[in-house]
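# next come a sequence and a model predicted from it.
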Amino acid sequence: MKHFLLFQLKSVCYNSYTYFSQSLADELSSLSHSVEIFSAEREPAEAMERFAGHHFDAVIDFNSGLPKVKMDDGTYFLDQIDAPFYDVILDHPLYHHDALKQTPKNFHVICLDRNHKKYIETWYPHVASVHVIPMTGEDICPKDPAYPQKTIDLFFSGSYTSPKDVEASIENIPGFLKTMTKDLIAAIQKKPSLSQEEAMKSLLPSCDEIVEELFPLHMQACFLCDSYLRAWRREELLLSLAEAKIPLTICGNGWRSSPMAEFKNVSLIDDKDFKDTFQYFRQAYITLNIMPEFKDGSHDRVYSSMLNHSLCLTDATPMLKEQFEDGKDLVFYRADRPDDLCQKVLDLLENKEKTEHIAQQGYKKAVLEHTWKNRGEKFLEILAHG
């Protein structure tokens with residue numbers, strides 16, 4: 001039996017961090033391992049000091065700030081615990097530069113995208129190991145594998161950020177960083193398969209201000225490129241669906257102040273706790289996933305929709321193409337072609353029998369390969385190999 005310590009220090013993103021952490025903890029417990037949880041909601045941060053000098057087989061946190069925490073004598077807090085530390089990073093590593101640059105002794109990372117893995121291995125060589133484990137959701141009615149009653153045609157879950165607001169923030173960036181951010185955005189819009197790091201590398205020969213040794217610092221400084229592209233793509237695709245008069249249900253924060261709020265064919269649901277969104281996946285014929293600029297990864301919406309018998313309609317990545325078959329387990333669309341997305345939705349809604357068949361095939365695949373049981377077993381496999 002192994003002994004794990006999980007930190008739950010943040011309750012952002014609809015409590016998704018807490019959900020992921022608790023789901024992993026529950027799975028490890030179900031496999032007969034001992035799991036201790038430190039929750040910032042229940043205890044003050046100072047109480048973490050009680051773990052100093054204790055042994056665990058692994059310490060785990062999500063989007064962690066723990067690598068930055070130091071004791072009064074300047075040593076790392078994590079070095080006071082006899083355990084490897086695993087930071088599960090849910091965004092591009094550029095958002096976590098301040099944590100990743102730290103050098104505690106037994107620092108490991110789990111991320112959601114194979115490009116992110118390469119990025120961390122390249123620019124943070126002190127990190128002991130980097131692995132890829134996508135997050136997932138759960139079947140809210142596991143004893144009922146039949147196709148459920150549907151009341152929603154097309155569903156999307158996620159927050160709204162105005163691209164214009166991000167543009168305004170970019171305009172306030174001082175010096176060459178504003179130009180570089182705009183150049184990065186233009187390059188990726190021209191070639192959507194580019195990652196931000198690939199686009200940044202393409203600027204190296206022509207931009208004297210970029211120092212290769214400070215590459216991750218430049219990436220962090222240009223975080224608004226990533227922010228803008230996610231917001232712009234999300235608004236562009238959902239607005240196209242709304243203008244095509246396709247019945248669309250959106251759940252998340254900010255949409256009532258978005259252009260989608262003006263359309264009668266768009267139903268808005270205010271933000272819910274992460275686990276409460278699974279009921280809408282179950283009610284939906286189709287769940288739309290828009291990848292958050294992950295070029296070779298996945299998103300929990302993919303598996304959450306499948307586990308709840310909803311056809312997942314997503315833009316493709318190499319990872320997803322390896323996991324699933326287009327038209328069999330899910331359906332891929334081109335994110336740079338909004339008309340393609342609209343036509344695929346219309347075709348699927350006109351052929352509900354086909355839609356149900358694909359959804360059920362996706363359900364069967366997800367139940368076999370993409371549950372928390374699979375994720376827990378994968379983590380234990382990583383731990384066993386050091």
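That came through fine.
# for this protein, which helix is longest?
Longest helix in the chain, counting residues (DSSP state H): helix 223-243.
# past that one, which element shows up next along the chain?
strand 248-251 (DSSP states H and E).
# put the alpha carbons of that next one into CSV.
Provided in CSV are the C-alpha atoms of strand 248-251 (Å, rounded to 0.1, in the frame of the first residue of the first chain):
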residue,chain,number,x,y,z
LEU,A,248,-27.2,26.1,-29.1
THR,A,249,-27.0,25.8,-25.3
ILE,A,250,-24.0,27.4,-23.6
CYS,A,251,-23.1,27.1,-19.9
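# partners of that strand, with directions?
The strands that strand 248-251 pairs with in its sheet are strand 152-157 (parallel), strand 266-269 (parallel) (by DSSP bridges).
# contact partners of the very next helix or strand once past the shortest one?
On the C-terminal side of strand 266-269, the closest following helix or strand by DSSP H and E is helix 278-283. Applying C-beta atoms under 8 Å, 6 or more residues apart in numbering, the external contacts of helix 278-283 come out as 137-138, 140-141, 148-152, 155, 157, 249, 251, 269, 287, 304-305, 307-310. Bear in mind the C-beta positions are built from the backbone N, C-alpha and C, glycine included.
# can we see that at 6 Å?
For helix 278-283, the external contacting residues (C-beta atoms under 6 Å, 6 or more residues apart in numbering) are 137, 140, 148, 151-152, 155, 251, 287, 304-305, 308, 310.
# next one: stretch 145-152
So stretch 145-152 is contacted by 249, 282-285, 309, 356, 360 (C-beta under 6 Å, 6+ apart).
# rounded mean pLDDT for that stretch, please.
Stretch 145-152 carries an average pLDDT of 96.
# in the chain, what residue sits furthest out from the centroid?
Outermost residue of the chain with respect to the C-alpha centroid, by C-alpha atoms, centre = their mean, is Asp73; its distance is 35.8 Å.
# from Ser64, how far out is that residue?
Noted for Asp73: a distance of 21 Å to Ser64, by C-beta to C-beta, to the nearest Å.
# what segments of the stretch 1-150 of the chain are helices?
16-30, 97-100, 114-123 (DSSP state H, counting those that start in this stretch).
# what is the rounded mean pLDDT of the first one?
To tie it back to what came earlier, the one meant is helix 16-30. 96.
# show me what that helix is packed up against.
When contacts are defined as 3 or more C-beta pairs under 6 Å, 6 or more residues apart in numbering; DSSP states H and E, helix 16-30 packs onto strand 3-8, strand 34-39, strand 58-62, helix 372-384.
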